[in-house]
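[1] take this sequence and fold it.
(one chain, ligands or ions: 1)
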Amino acid sequence: MKARYKYRIYPNHIQITKLNKLFGCCRYVWNQSLAHCNQIYASGEKKLSYVDLTKQFITQAKQKLIWLKDVASTPLQQSLKDLDQAYKNFFNSCTGKRKGIKVKAPKFKSRKSRQAARFVGSNYKIAQDKIFLTKIGKVKIVWSRPLPNQPTSVTIIKDSAGSYFASFVVETNPEFLPKTENSIGIDLGISIFATLSNGDKIVAPKPLKQNLKKLAKFKRKFARTEKGSKRREKARLRVAKLHGKIKDIRTDFLHKLSTDLVKKYDTIVLEDLNVSGMIKNRKLAKAISDLGWRQFRTLTKAKCEKYSREFRVINRWEPTSQKCHCCGFKGGKKELNVREWTCLNCGTFHDRDINAAINILNTQSVVETVTQPITKVETVETKIAENQIQLSLFDVVAEGQPETNKRTRRRGKSSPKKDVRVDESSTRPESFKQLSLFD
Ligand SMILES: [Zn+2]
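    From the prediction side, this is the model:
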């Protein structure tokens, strides 16, 4: 299992200049190659391979452009590798080989957005409080938590707020937490972030809502500045920093909650929410984005994988809020403002969210799942044909992409019929255990 570990780094003025140069060179190589590939593509010829691109845009380019020699060459090669991978993902997505959300064609990189460069092999070395980077020097790093293993690569990142980070890819082994014999169903909502099937209600911070006025003020000031001026850059930085702060508050809450849940429960069941569909409702869009439902699912899933817990996401078409969990009677669709109701069949009084959470826990139709790690490999061949849909859930993540970015989201337009088809086979956890070996 691969995981990312990110640390803040503090380059000095000279190192910042060198890093900017490196980012610039990586961007140049990427953009030049991309432009060339687009041209070839337009003329109907076959795209150049990674090796050809390296020859043309690094080795040969260096003879003309001396400044390309001032930076380490591995980050340049890695940037072309990324381009190659981006094309592969795009083509595989077009032909249907790659499942999940449609991948778009690679884009040109801009000087103004987030910058990144990846070092591999002997191009970087880690020490007590420094990280050595070829042609940059020893940069101060703060090890906020220990690295569990020797990393395979490091990506140096400059975010839009001007902070620098080192992000390591590390091979980790699944860990085991003591069994608790407890399972939990979670209903996600807007006013109450999570309602658990045991009756607990968890309220989330709403950092965007709290900072909306401040953000609007900063943005207004930014809009008034003159293009290309120093004041504009200052104002832009202020907006970016506030956005960063909002994101940090949200992520911190989601991390704490998901860790807590994974520690307490052997099995965690969520509902598959059509977030991108809901965001189209403009009244709710801001509130929903502020909560980070999707991130919560991603984090919980990753932690379940790490700690060998079971994780399930149930079909979004299940009538979880309509059904009485005691007798199974369907009370029909309820408006969002109906928070409590009484079952007409058995007379049980329900809290809408708790009832839904219990239904989520008991639902068997699953669209995504993570189960305990593999112990046995048997009867694999026979399972493959009938489980091809599930194979896509375990798509290999490209090197250099965060592990948590696994694109497993089902497309918003998927019909209920299709979902049912997935459910039939996915309720058997054994088939997953075996299939995941083939990635
Ligand atoms: Zn009932």
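[2] mind giving me the packing neighbours of the top helix by length along the chain?
    The longest helix of the chain (DSSP state H) is helix 230-264. With contacts defined as 3 or more CB pairs under 8 Å, 6 or more residues apart in numbering; DSSP states H and E, helix 230-264 has these neighbours: strand 183-188, helix 207-224, helix 293-306. All C-beta spots, glycine's among them, are computed from the backbone N, C-alpha and C.
[3] now do the helix or strand just after it, average pLDDT.
    Sequence-wise, the next helix or strand downstream of helix 230-264 (DSSP states H and E) is strand 267-271. Averaging pLDDT along strand 267-271 yields 93.
[4] run through who's touching strand 267-271.
    With contacts defined as CB atoms under 8 Å, 6 or more residues apart in numbering, strand 267-271 is touched by 183-188, 261-262, 297, 300, 304, 309-314, 316, 318, 320, 356, 360-361, 363.
[5] swap the cut-off to 7 Å and go again
    Outside strand 267-271, the residues that touch it by CB atoms under 7 Å, 6 or more residues apart in numbering are 183-188, 261, 297, 300, 304, 309-314, 316, 320, 360-361.
[6] give me the angle between that strand and helix 230-264.
    The directions of strand 267-271 and helix 230-264 differ by 130 degrees, with axes from the mean of the first three to the mean of the last three CA atoms, to 10 degrees as the criterion.
[7] and the next helix or strand past strand 267-271?
    helix 275-278.
[8] neighbouring contacts of the helix or strand that comes right after that next one?
    Next helix or strand after helix 275-278 toward the C-terminus (DSSP H and E): helix 282-291. Here helix 282-291 makes contact (CB under 7 Å, 6+ apart) with 190, 193, 204, 206-209, 275, 278-279.
[9] just the closest of those to the ion, please.
    The nearest member of the contacts of helix 282-291 to the ion, counting by CB to the ion, is Ile190 at 25.9 Å.
[10] the closest residue to Ser183 other than its chain neighbours: neighbouring residues, count only.
    Using CB to CB, 6 or more residues apart in numbering and skipping the chain neighbours, the partner closest in space to Ser183 is Thr267 (3.8 Å). Residues lying near Thr267 (other CB atoms under 10 Å) number 18.
[11] any figure for the gap between Thr267 and Lys221?
    Noted for Thr267: a distance of 49 Å to Lys221, by CB to CB, to the nearest Å.
[12] follow-up on the earlier one: please pick the buried ones from the contacts of strand 267-271.
    For the contacts of strand 267-271, a burial check counting by 16 or more other CB atoms under 10 Å picks out 183-188, 261, 297, 300, 304, 309-314, 316, 320, 360-361.
[13] returning to that earlier point: most tightly surrounded among the helices and strands packed on helix 230-264?
    Stretch with highest mean neighbour count among those: strand 183-188 (a mean of 23; mean count of other CB atoms under 10 Å).
[14] pLDDT of that strand, averaged?
    Per-residue scores along strand 183-188 average to 94.
[15] after it, next one along is what?
    Next along from strand 183-188, by DSSP H and E: strand 194-196.
[16] figure out how far that following strand is from the centre of its chain.
    22 Å (CA atoms, centre = their mean, to the nearest Å).
[17] just checking: what are the partner strands of the following helix or strand past that strand?
    Per DSSP H and E, the first helix or strand lying C-terminal to strand 194-196 is strand 201-202. Strand pairing for strand 201-202, using DSSP bridges, gives strand 194-196 (antiparallel).
[18] residues contacting the strand it pairs with, please?
    184, 186-189, 201-202, 353-354, 357.
[19] give me that answer again for 6 Å
    184, 186-188, 201-202, 353-354, 357 (CB atoms under 6 Å, 6 or more residues apart in numbering).
[20] what residues does the stretch 201-350 of the chain put near the ion?
    324, 326-327, 329, 343, 345-346, 348 (CB under 5 Å from the ion).
[21] in the chain, what spans have low per-residue confidence?
    372-439 (pLDDT under 70).
[22] quick check: the residue of the stretch 101-250 of the chain nearest the ion.
    Counting by CB to the ion, the stretch 101-250 of the chain gets nearest the ion through Ser197, at 16.2 Å.
[23] next, count neighbours for that residue.
    Neighbour tally, Ser197, other CB under 10 Å: 23.
[24] so it is in contact with Gly185, correct?
    Yes. Using CB atoms under 6 Å, Ser197 makes contact with Gly185 at a distance of 3.9 Å.
[25] Val370 - how many residues pack around it?
    24.
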